[in-house]
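Participant: structural data only, the sequence is not supplied:
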């Protein structure tokens, strides 16, 4: 059990453009050792992968990135779409974001954040000889609670869960349902030093080597709960409206007899 | 902007019982300085406050702690209730938990976690002269994502949000909707050293003094989104069923004419 760890923001990276060798740039910017975990803002991965579209195409880009609409909210001037995107992440606008993108453009999420994380971990391990883990983070809102936290949308070489199922508490009682999502906790912690400007897009976590592992560990996709097992798979209004239509149709299909009962 | 911070778990506290002077015990266990943030597992606060009931009364305790049922899930042997509890927190079983409680008992959350946090921050500041912040944490599941993270259910002397609304990104574009919930991120980070056993119930965060402030700052209650503004205020099944009943009733009330249309 680690009793102490630290997180350091890594600045000084050049502006990232398509084709940038992020692994090499990160290795140049900091010293890495076995057990370190790099938390990389997904935006710079998107930039390196050329996942940029014109801002005028933003709404179409959101549609293209969406696999399932979860909820919508009207606001003055438009509609916010909470969707499951192609990466399996549920969030506003499918992760399509104008902040820290070049003027007139918006950034899409990496096509496959776990694959991007794996490529980065592989490259950084090869360049340094250090057994590091990599987490790609994005800033996401959540139900029930105001504000956003950074979460893990890609991961490689790191255990995304601290699986305690079957272990016991201090008094010997089983912690049967406890499975902390350490990848999300680490991504959120790194936000505290990275902030929201692009000046510090990477953080190094030192002291949590117990969570570092092989490159073929399950990635951040394994954090995403399948919709069929999710009590909140669609918004309350969407579910209500679907139920209303079904109930209305059912009553009508039963015809006058039902109405007379 | 902090570029580095550290989190250290504090062990060595005695078993906490009703009436324990937590502020004094924590001050004895570690050195504190201006700008430190203490993350305290809410369970030891519950124990100090005597928020313990017999395990046989667990279901009744959950009912008593509930102000609103958000969703329910049947499982073999019972029903899991996702509820908004008296503290305003949405989670399973209203925070009533047997782990790390004495045999045959379960722990309830503190009655008013923000007030508990304020009392602790006040006491610790008085004992040490150090301007510290206090966060009370609990382990909570969430929609859409597997596993749990620790979140802030009480806070005092610390900014729970890093309110960036109105500030700009590196290229000068406004970060209009960005308001990271740093209290939740700090609580989650502390879980990484505290773990789930009761041996390390407190962590000290050093290096994030920019988030420490006056004791009358808004507490963790301000993180909770009011239900009327929450797109996920009830579960999808609950909303569907309510809609179905309303739609069915509406169609029937329209009578044979409607059915014949």
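Facilitator: Here it is on my side, so go on. Being a predicted model, the structure only gives us computed values, none of them experimental.

Participant: ok, the longest strand seen in chain A: who's next to it in the sheet?
Facilitator: When every strand of chain A is counted residue by residue (DSSP state E), the longest turns out to be strand A:66-75. Within its sheet, strand A:66-75 is paired with strand A:78-85 (antiparallel), according to DSSP bridges.

Participant: any idea which helix or strand comes after the strand it pairs with?
Facilitator: Next in sequence after strand A:78-85, counting helices and strands by DSSP states H and E, comes strand A:90-92.

Participant: gap between that following strand and the chain center?
Facilitator: Centre-to-centre, strand A:90-92 and its host chain are 9 Å apart (Cα atoms, centre = their mean, to the nearest Å).

Participant: and if you look at stretch A:79-87?
Facilitator: A distance of 13 Å separates the centroid of the chain from that of stretch A:79-87, by Cα atoms, centre = their mean.

Participant: buried residues, it. List them.
Facilitator: Buried residues in stretch A:79-87, counting neighbours by 16 or more other Cβ atoms under 10 Å in any protein chain shown, are found at A:81-87. Every residue, glycine included, has its C-beta placed from N, CA and C.

Participant: and of those, the nearest to chain B?
Facilitator: Chain B has its nearest neighbour among these in residue A:82, at 6.6 Å by Cβ to the nearest Cβ.

Participant: center of chain A, which residue is that?
Facilitator: Per Cα atoms, centre = their mean, the C-alpha nearest to the average position across chain A is that of residue A:153, at 2.8 Å.

Participant: and that residue, that's in a strand?
Facilitator: Yes. Residue A:153 sits within a strand when classified using DSSP: H, G, I helix; E, B strand; the rest coil.

Participant: so it makes contact with residue A:222?
Facilitator: No. In this structure residue A:153 lies outside contact range of residue A:222 using Cβ atoms under 8 Å: 12.0 Å.

Participant: quick one on the thing from earlier: tabulate the buried residues of stretch A:79-87 (CSV), appending pLDDT.
Facilitator: As requested, those are exported to CSV (pLDDT from 0 to 100):
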residue, pLDDT
A:81, 92
A:82, 95
A:83, 96
A:84, 96
A:85, 95
A:86, 92
A:87, 91
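
Participant: quick check: which element contains the nearest residue to residue A:23 once chain neighbours are set aside?
Facilitator: Residue nearest to residue A:23 in three dimensions, not counting chain neighbours: residue A:123, with 3.2 Å by Cβ to Cβ, 6 or more residues apart in numbering or on different chains. Of the helices and strands defined by DSSP H and E, residue A:123 is found in helix A:113-128.

Participant: buried residues in that helix?
Facilitator: Residues of helix A:113-128 classed as buried by neighbour count (16+ other Cβ under 10 Å): A:113-114, A:116-121, A:123-125, A:128.

Participant: with stretch A:223-242 instead?
Facilitator: For stretch A:223-242, a neighbour-count test (16+ other Cβ under 10 Å) marks A:223-225, A:227, A:230-242 as buried.

Participant: do stretch A:178-186 as well
Facilitator: Along stretch A:178-186, these residues count as buried under the neighbour rule (16+ other Cβ under 10 Å): A:178-186.

Participant: got the residues of the stretch 1-150 of chain A near chain B?
Facilitator: Along the stretch 1-150 of chain A, the residues adjacent to chain B under the rule Cβ under 8 Å from any Cβ of the partner chain are A:1-9, A:11, A:71, A:73, A:82, A:90, A:98-103, A:139, A:142-150.

Participant: contact partners of the longest strand of chain A?
Facilitator: Outside of strand A:66-75, the residues within contact range by Cβ atoms under 8 Å, 6 or more residues apart in numbering or on different chains are A:79-86, A:90, A:94, A:227, A:233-235, A:237-238, B:231-232.

Participant: ok, now with 7 Å
Facilitator: Outside of strand A:66-75, the residues within contact range by Cβ atoms under 7 Å, 6 or more residues apart in numbering or on different chains are A:79-86, A:90, A:94, A:227, A:234-235, A:238, B:231.

Participant: and it, what's buried?
Facilitator: Of the residues in strand A:66-75, those with enough neighbours to count as buried (16+ other Cβ under 10 Å) are A:66, A:70-71.

Participant: show me which of these is closest to chain B.
Facilitator: For the buried residues of strand A:66-75, the residue nearest chain B by Cβ to the nearest Cβ is residue A:71; the value is 4.4 Å.

Participant: report the contact partners of the spatially closest residue to that closest one that is not a sequence neighbour.
Facilitator: Setting aside the residues directly before and after it, residue A:71 is nearest to residue A:235 in space (Cβ to Cβ, 6+ apart), at 2.8 Å. Residues in contact with residue A:235, defined by Cβ under 7 Å, 6+ apart, are A:70-71, A:82, B:231-232.

Participant: same check on residue A:179?
Facilitator: A:161, A:163-165, B:147-148.

Participant: closest to residue B:36 out of those?
Facilitator: Proximity of those to residue B:36 (Cβ to Cβ) peaks at residue B:148, which lies at 25.6 Å.

Participant: now that closest one: how far from residue A:156?
Facilitator: The spacing between residue B:148 and residue A:156, counted by Cβ to Cβ, to the nearest Å, is 22 Å.

Participant: settle it for me: which of these two has more neighbours?
Facilitator: More neighbours surround residue A:156 than the other of residue B:148 and residue A:156, with 30 against 26 (other Cβ atoms under 10 Å in any protein chain shown).

Participant: that one contacts residue A:116, correct?
Facilitator: No. The pair residue A:156 / residue A:116 is not scored as a contact, 8.5 Å apart, by Cβ atoms under 7 Å.
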